[in-house]
Each structure stands twice: as structure tokens, then as C-alpha cells.
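Undergrad: the sequence and its predicted three-dimensional model are supplied below.
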Amino acid sequence: MSSATLTTIQTQITLYANSIVVILGDIGNIFIIIIFLRQHQNTCSMYLISAAIFNTFYLTFNRLVQIYPFYYRDETIRAFFLCKIRSYLPTVIGQIAKTMVVFACIDRYLITSEHANFRAFSTPKRAKYFILFSIIFWTLFSSHIAIMSTITNGQCSTSGTYSTIFSIFVIIFIGSLPPITMGICVYLTYRNMKRIHCRIQRVINNTTSLYPLILVETMITTYTMPNKSAQHLQIETFILNIAYLLLFVNSGVPFYIYLLLSKSFRRDFKQLFIYIYRKLTRRIQVNST
């Protein structure tokens, strides 16, 4: 594939595909928030609402960065600050969103446990503490990204030993721990449900299917190999563009997975539209009289 073709495809992805995913993803996440807020609040819904909020932030922030690219050739204080924020903030937001889904999976295991102490541990009050803890933890734990990201040869990147350290961080904490933890919780929840001879709740399938693409984040690192050819760099950039598109899909697809897999969620979504329609109809009737 020629360099010109790669450049054209990258441009189309950035202009159209990413924009469509972000718009649909933000709309879907907003619907998730509205639907779950209208229901009786439980720990799982609190986690999923939080995940939807942070997924919206993730999509919107990254899209703004793509639309308004910044060039770091001047190496001013402003440029260094933007470089660090651009690398640090998406990681923090994305990890908080994933952690919320992990917490939702753990919560499903707790409430299906035969042990009363485990079930009692799942409370809205504790969920609020866990959400706050997750925000503080990832804000502090990911601070090394902001510290070590810098401008090198007009590009925002990492260099030296830290590039390897960051790659390990991505593989372990972004690409491995969340899906492994969710997988274990799903298995344990399934086993609990079989023991009590109860039908497995759809929400288990929903929460575990939210992040089938999470491993693609292992590709999004700033590790760079020396002496790359121009063609090699262009191919790498093309792959990264595809990976970023998949990450956008990853943060924008939950609503549509819920809608596809969950009968109760489809019912709630339908009721939301009926509620909005009736409210608008009453308002029109009042205004007309």
C-alpha cells in the first residue's frame, strides 16, 4: 500500500469515522445516564452511570484534540503543558471508566454470593466511596505520564528507559488487569447463579461485553524505536489511527450493546421516549390553550 493511500485513509478516518463514533457514542452514553437515573439507584447502576459519564469525557476530549492538533516545534511552556495534559488526561479518564465497569462486575458477584456478608458489602454508600477512590487513585497513579511526557524533536512523546516502563504500564494496568478481573468475576457470578438455580441476569452479559476491545489499548504507547524509515513511521501512524478508532468504539458502544442484548433496557428506553413524547404533548396542549 502506497504512502499516499495510507495518508488518504488516515484522513478519512480522522474526519468521518471518528466523528461518527464520537457523536453516536456521546448520544448513547447520555441515554445510559438518563435511563439509569430514572430507575431506583443500586450499586451496579451507579457504576454504569459513572462509566458512561467518563466515557463521554473520554470521547469528547480526544476528539477535540484530533480536531485541533497542536504542533510542538516552538517548545514553549504552553507547549510542554499541553503535551503533558494530552498524554495524561485521556489515560486517567479512560482508566476510571474501565474501573467502573470492573466494579460493576464485582458487584454482580457480591450480590449473587451465598454469603450474607458479601451481599451486605454491596451498598450505594460504599459504591460512592469506591468511585471517589478510583478517581483519586488513577489521578495519582498515572501522574508519571504527565511528569515524563516531553517534547522531543517537535513531537510529544516519551524517551529512554521510561518508554519501556510506560509500555509495561499499558500492558499490565490497561490491557490485562481489567479484562482478566471482569472474566474472573463473570465466571464466579455464573457459578453463584447456577448454585442458587436462578436465571443469569442480562446485566452480567452487558457489563462483560462492554470492553471486548480493551486489549487494543496495549497498542497505544509512545514507545519509539530509533532509526525508523519514513515508510515505517507512516505505517505505524496508520496502525495507531486504527487503534484509536477502536478505542473510540470501545467507549461509545455500551449503549448499543445494552440495547441489543437486554430486553429490560429496551423496555426502559421505550418508556423514556413515551415519557418524553407525553411531556411534549402536554406542553403543546397547554401552550395552545
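TA: That came through fine.

Undergrad: and the helix or strand where R283 lies, what does it pack against?
TA: Using DSSP states H and E, R283 falls within helix 263-288. Here helix 263-288 touches helix 18-38, helix 202-209, helix 254-261, going by 3 or more C-beta pairs under 8 Å, 6 or more residues apart in numbering; DSSP states H and E. All C-beta atoms are positioned from the backbone trio N, CA, C, and that covers glycine.

Undergrad: lowest average pLDDT across those helices?
TA: Among the helices and strands packed on helix 263-288, helix 202-209 carries the lowest mean pLDDT, a mean of 46.

Undergrad: pull out the buried positions in the helix or strand hosting I96.
TA: Assigned by DSSP H and E, I96 belongs to helix 77-111. Across helix 77-111, burial judged by 16 or more other C-beta atoms under 10 Å covers 79, 82-84, 86-111.

Undergrad: same deal with stretch 248-268?
TA: 248-255, 257-258, 262, 265, 268.

Undergrad: shaky segments in the stretch 151-289 of the chain?
TA: Filtered on pLDDT under 70, the stretch 151-289 of the chain yields the residue ranges 196-238, 240-241, 289.

Undergrad: which residue is nearest the centroid of the chain?
TA: For the chain, S251 is the residue whose C-alpha lies nearest the centre (C-alpha atoms, centre = their mean; 4.0 Å).

Undergrad: chain center to stretch 50-69: distance?
TA: 9 Å (C-alpha atoms, centre = their mean, to the nearest Å).

Undergrad: number of nearby residues for L15?
TA: Taking other C-beta atoms under 10 Å as the criterion, the count of residues near L15 is 12.

Undergrad: can you check the pLDDT for it?
TA: 70.

Undergrad: now swap in S2 and tell me
TA: pLDDT, read off for S2, is 60.

Undergrad: remind me which residues of the stretch 1-150 of the chain are low pLDDT?
TA: 1-7, 10, 12-14, 68-75.

Undergrad: mind doing that once more with 80?
TA: For the stretch 1-150 of the chain, the stretches with pLDDT under 80 are 1-16, 39-41, 65-79.

Undergrad: one step back: and the following helix or strand past the helix holding I96, what does it pack against?
TA: As assigned by DSSP H and E, the chain's next helix or strand after helix 77-111 is helix 116-121. The contact analysis (3+ C-beta pairs under 8 Å, 6+ apart) places helix 116-121 against helix 77-111.

Undergrad: can you report phi and psi for G160?
TA: Phi and psi for G160, reported as degrees, to the nearest 10, are phi 70, psi -150.

Undergrad: distance of it relative to R86?
TA: 20 Å (C-beta to C-beta, to the nearest Å).

Undergrad: cool, A97 as well?
TA: 18 Å.

Undergrad: follow-up on the earlier one: packed most tightly, which of the helices and strands packed on helix 263-288 would that be?
TA: Among those, helix 202-209 has the highest mean neighbour count (mean count of other C-beta atoms under 10 Å), at a mean of 20.

Undergrad: stretch 247-257 spans what distance, first to last residue?
TA: One end of stretch 247-257 sits 15 Å from the other (C-alpha to C-alpha, to the nearest Å).

Undergrad: same question for stretch 146-154.
TA: End-to-end distance (C-alpha to C-alpha), stretch 146-154: 17 Å.

Undergrad: next: stretch 111-118.
TA: 7 Å.

Undergrad: buried sites along it?
TA: 111-113.

Undergrad: now distance to F57 too, for these, in TSV please.
TA: Shown next, in TSV, are these (distance: C-beta to C-beta, whole Å):
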residue	distance to F57
I111	28
T112	31
S113	33
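
Undergrad: quick one: which of the residues you listed is nearest S134?
TA: The closest of the buried residues of stretch 111-118 to S134 turns out to be I111 (C-beta to C-beta; 19.5 Å).

Undergrad: so what's the closest residue in space to the closest one that isn't next to it in sequence up against?
TA: Residue nearest to I111 in three dimensions, not counting chain neighbours: S122, with 5.0 Å by C-beta to C-beta, 6 or more residues apart in numbering. Each residue near S122 by C-beta atoms under 8 Å, 6 or more residues apart in numbering is listed here: 43, 107, 110-111.

Undergrad: what's the answer for Q95, then?
TA: Applying C-beta under 8 Å, 6+ apart, the residues contacting Q95 are 138, 142, 173-174.

Undergrad: what about the residues you listed, which are in helices?
TA: W138 (DSSP state H).

Undergrad: quick one: which of the contacts of Q95 is most hemmed in?
TA: Busiest of the contacts of Q95 [other C-beta under 10 Å] is S142, holding 23 neighbours.
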